[in-house]
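K.L.:
curious how this folds, go ahead:
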Amino acid sequence: MSNYFNDKRGQYEKIINILCEYKGINREKLLEILKDKECKYLFFLLIKKYGCDDMKMIQQDFPSINTKNINSNFRKAREKILLNTKIRNMYFEAENVLEKIE
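P.N.:
Next comes the predicted model:
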């Protein structure tokens, strides 16, 4: 069920925490998420789904990302989720974890 008045910053932090936990990294090494293609695609799919694609918020952690990067990576991620079973399974698992955290 969608929350229309959700806390975008809180959702964004949950997504970051899930990906950091998956990669076994701390917040200081956050850029490693973008180096791993599966995590990168998962990141873009989740921020788009939960409406956390606010540029100011994202650029605090990932200064090199701009609107064009987000849209381009989101399109690639949508293609990959259809073709790559591992990314698809990771996405649904992350979605379940995020719903349990709420």
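K.L.:
what about the most centrally placed residue in the chain, helix or strand, and which?
P.N.:
Nearest to the geometric centre of the chain sits residue 43, at 2.1 Å (CA atoms, centre = their mean). If you go by DSSP states H and E, residue 43 is part of helix 37-49.
K.L.:
pull that helix out as CSV, backbone CA atoms only.
P.N.:
Taking C-alpha atoms only, helix 37-49 is exported to CSV below (Å, rounded to 0.1, in the frame of the first residue of the first chain):
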residue,chain,number,x,y,z
LYS,A,37,25.9,-2.7,-11.1
GLU,A,38,23.3,-4.8,-9.3
CYS,A,39,23.2,-2.5,-6.3
LYS,A,40,23.2,0.6,-8.5
TYR,A,41,20.2,-0.7,-10.4
LEU,A,42,18.4,-1.7,-7.2
PHE,A,43,19.2,1.8,-5.8
PHE,A,44,17.6,3.6,-8.7
LEU,A,45,14.6,1.3,-8.8
LEU,A,46,13.9,1.8,-5.1
ILE,A,47,14.3,5.5,-5.0
LYS,A,48,12.0,5.9,-7.9
LYS,A,49,9.4,3.6,-6.5
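K.L.:
residue contacts, residue 81?
P.N.:
Counting by CB atoms under 8 Å, 6 or more residues apart in numbering, residue 81 touches 41, 45, 87-88, 91. Bear in mind the C-beta positions are built from the backbone N, C-alpha and C, glycine included.
K.L.:
again, only this time at 7 Å
P.N.:
Counting by CB atoms under 7 Å, 6 or more residues apart in numbering, residue 81 touches 45, 87-88, 91.
K.L.:
highest neighbour count among those?
P.N.:
Neighbour counts for the contacts of residue 81, by other CB atoms under 10 Å, peak at residue 45, which reaches 23 neighbours.
K.L.:
is the closest residue to that one other than its chain neighbours in a helix, a strand, or coil?
P.N.:
In this structure, residue 45 finds its nearest non-sequential neighbour in residue 77, 4.8 Å apart by CB to CB, 6 or more residues apart in numbering. Secondary structure assignment for residue 77 (DSSP: H, G, I helix; E, B strand; the rest coil): helix.
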